[in-house]
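Chemist: One predicted model, sequence on top.
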Amino acid sequence: MDTYNNNTTNNLFKYTPKIKSNPFPILFIPFNNNNNTCNYCKNEYIETNLFKQKYCKICLIQYIKHTMGKKIYLDVHIRGYTQCIEHNKHEPTGNTDFCTRNIHEWCKYCSEISYFKRVITKSSYVSSLQSRVEDPSDLATIYAKGVKEFADKEEFGSSITIKSMISTLLQKGGGCEICGESKLLRSNYSFYQISSEWKESTLTKSPIPILHLPWWDTFDDCVACNKHLNFISDCQKWCSYCFIIYSGCRYCLMTNVIFGILDQSQCSKCKRISSIDIDISNNMDEFLISTINANHHKIVNYVKMFDPNPLNVYKYIKDNYYSIIKWIPYSDITNLEQLAKGGFGITYKANVNDYGLVAIKRFSNSQNISECFINFLNELKSLHRYYNHAFIIKCYGITRDPETKDYMLITEYANEGDLHNFLHNNFTKITWCEKLNILWRISKGLECIHKSNSIHRDFHSGNILLSGNWKIGDLVSSQPINNILLDNIIFGIIPYIAPEIFCGAKYSKEFDIFSMGMIMWELTSGYKPFYNVEHNINLIYEIIDGKRPDITDDTPKCFAKLMKKCWNSNPLKRPSITKICEIVQRWIDDLYYYYDYENYYNQQNINNDIVEQFKQAENKRLELINSKEFYPDFKKYHPGAIYNSRDLNDLIISNLTIPQYITKEFDFDINRKFSQKINSTVQTSLIYVNNKISRKRNFKELEFEIRNNVIQNQKRICI
């Protein structure tokens, strides 16, 4: 593995001069302080007086025997009794209360270990301290508080107390190498300096940082996300949520924190190498790693900062490393209730720990690299692209059903339903000002998608959700615009699909704009477009030949004009989503400043014609309400009007049986610029439009054109 910018690790001994590499591994201290029995001799661990650090007394005795005569330092605080029969056999003794780094001075008869200075843990005692500080992630403050409380204790009823022992040590100030100050690991910053380096990830091949911590980390949860760690061995553990690996060296009691996936870890002190065996090879893991919002350079640069307490590194990691799309345990899900079943899976609402009420989409049969798995991954990537946008539904994470192995998306729950249901239930109450505000929010959501050079591809009122704000959801079909697979599928709801798609044109941002025009019409009428006719091949032909919904009587002329531009048969004549946002914003501003009597200056700049159009439209709306003719009625919907997104290829190929159809005259220039945007087959199929000739055309002609286009793109992959 190559090393990147490895300037901080050229001579690590100079950064940790008091840390010695031991000739034998230190096996008596666990890597998981929550373990109760020793990994080696299976005896129960005992605990230190301070911080409740666990160690095995039997293995400690064996270690001392094997290292006798060798100079071993463990930075350990040892408390001795005033008298010891065992010591009297060999040497005179007096007051044996002392503090030492030399473990050989420990006596199994008269000594107790107060704490290991270079062993960091989150025991139940430390957890109790966390509940009493302002920031539970601030381990530096927590450990300092623990030392102070420990020093204040009176124990054993002896005239010599732990408090007096600690006080004596503190009075020595700089003369005591171990605890010149009351904060753990603070006495001499130089001996506990953290170092860093860069390595190439074995999974992503990108450089990832490694922090070399000069202590033994015995946590059982991740410092970044607080999730439980998976233990690979007695000196390796990793977080499957953050993809952070913690690898310890038992010869030096050092810990490497690796921010990514490597196949080996090297101790920065003794240079010993240990293999790392983590099974991460699938697309899902690789994607989750890519969603981690980590300021790697900022984390690495922490080592250059002067910090009087290196334990602050844990808080620094937590503040600068988090996963945007999280893996959520399936066991965290409760009260799963099915809401709907669609073309790509089943939607539920449920409760999830830490998130409350959420929406969950199950992608059936997604356990393998299949079409359903691709659909799942597509929507997941789309939600990640627009993460935290105000007008896009938010994704919290993913999970997997342990029985069916189906992947599931966990997203924000829109407790107020979709746009169509909102219109149906509240239509008579929605003023034109509110309609404009709804349209502006929808437009801003679509603008976010288009600015990322992507398209939605299934944009309709059922995918516009209300969750405190209007947000776009169901991004399973959304893809980057240059994805070649998009040209091989016709999928969606017929009234919202732009006519050029039926003729074989490539998907484009203009496709979504056509759908936006239909959504605008729905805002004016309360109905879904073409609600009163069957959604069959006949409707497809009518849409191709220019048929659009009838404009309602209360629609302002400016609104109708923009709507007609959106559903223009020529994609190049449709406005961009940014232009739509600008126009709608101007309308909103005009109406706002018209009624803002105190703002005289802005009143001078409003478009009075626009204001008058919306005032008349609002009056007409109220008039229609009073006439009882204005409320949308679901009973009027044709039973063959299908508003579930579906694959339309089979419908186009197998149902071309209508004998004849009279086309309408409409403007559809195919200029050189347009020729670059659609394929040659489409140009051929629409050449009659360029000539602006109304004629009676046999349906078999159009059948042949569309059938030919569909068959040429027969690789139908629903992604």
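Modeler: On my side now, so go ahead. Bear in mind the structure is a predicted one, so any value in this text is a computation, not a measurement. Residues are numbered from 1 along each chain as shown.
Chemist: the helices in the stretch 101-250 of the chain, which residues?
Modeler: Along the stretch 101-250 of the chain, counting by DSSP state H, counting those that start in this stretch, helices occupy 124-130, 139-151, 162-171.
Chemist: Please apply the same query to the stretch 401-550 of the chain.
Modeler: Along the stretch 401-550 of the chain, the segments classed as helices by DSSP H, counting those that start in this stretch run 419-426, 432-451, 499-502, 509-525, 537-544.
Chemist: mind checking which of the ones you listed is nearest Asn378?
Modeler: In terms of CB to CB, the element of the helices of the stretch 401-550 of the chain nearest to Asn378 is helix 432-451, at 13.4 Å. The way it works is simple: take the backbone N, C-alpha and C, and place the C-beta from them, glycine included.
Chemist: Go through the closest one and flag the buried ones.
Modeler: By neighbour count on 16 or more other CB atoms under 10 Å, the buried set for helix 432-451 is 432, 435-436, 438-450.
Chemist: can you count the residues close to Ile625?
Modeler: 15 (other CB atoms under 10 Å).
Chemist: Tell me if Glu582 really is in a helix.
Modeler: Yes: counting by DSSP: H, G, I helix; E, B strand; the rest coil, Glu582 falls inside a helix.
Chemist: rewinding a little: can you flag the weakest of the helices of the stretch 101-250 of the chain by average pLDDT?
Modeler: Across those, the stretch with the lowest average pLDDT is helix 162-171; it has a mean of 44.
Chemist: For the stretch 151-300 of the chain, which residues score under the pLDDT cut-off?
Modeler: Flagging of the stretch 151-300 of the chain using pLDDT under 70 yields the residue ranges 151-192, 280-286, 290-291, 293-295.
Chemist: Please apply the same query to the stretch 601-719 of the chain.
Modeler: In the stretch 601-719 of the chain, residues with pLDDT under 70: 601-604, 629-634, 654-719.
Chemist: change it to 50
Modeler: 657-700, 702-704, 706-707, 710-711, 713-719 (pLDDT under 50).
Chemist: Okay, the closest residue to Ile625 other than its chain neighbours and Ile442: tell me how far apart.
Modeler: Spatially, and ignoring its direct neighbours in sequence, Ile625 is nearest to Thr428 (5.0 Å; CB to CB, 6 or more residues apart in numbering). Per CB to CB, to the nearest Å, Thr428 is found 21 Å from Ile442.
Chemist: and if you look at Trp238?
Modeler: Trp238 sits 42 Å away from Ile442, going by CB to CB.
Chemist: so Phe119 touches Leu213, yeah?
Modeler: No, residue 119 isn't Phe; it's Val. No: at 11.5 Å, Val119 does not count as touching Leu213 under the criterion of CB atoms under 8 Å.
Chemist: that older thread, let me have the helices of the stretch 401-550 of the chain in JSON lines, extended by mean pLDDT.
Modeler: Formatted as JSON lines, the helices of the stretch 401-550 of the chain follow (pLDDT from 0 to 100):
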{"stretch": "helix 419-426", "mean pLDDT": "93"}
{"stretch": "helix 432-451", "mean pLDDT": "96"}
{"stretch": "helix 499-502", "mean pLDDT": "92"}
{"stretch": "helix 509-525", "mean pLDDT": "97"}
{"stretch": "helix 537-544", "mean pLDDT": "93"}
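Chemist: closest one to Glu44 among the ones you listed?
Modeler: Each of the helices of the stretch 401-550 of the chain has some distance to Glu44 by CB to CB; the shortest is helix 432-451, at 57.5 Å.
Chemist: The closest one to helix 509-525, inter-axis angle?
Modeler: 170 degrees (axes from the mean of the first three to the mean of the last three CA atoms, to 10 degrees).
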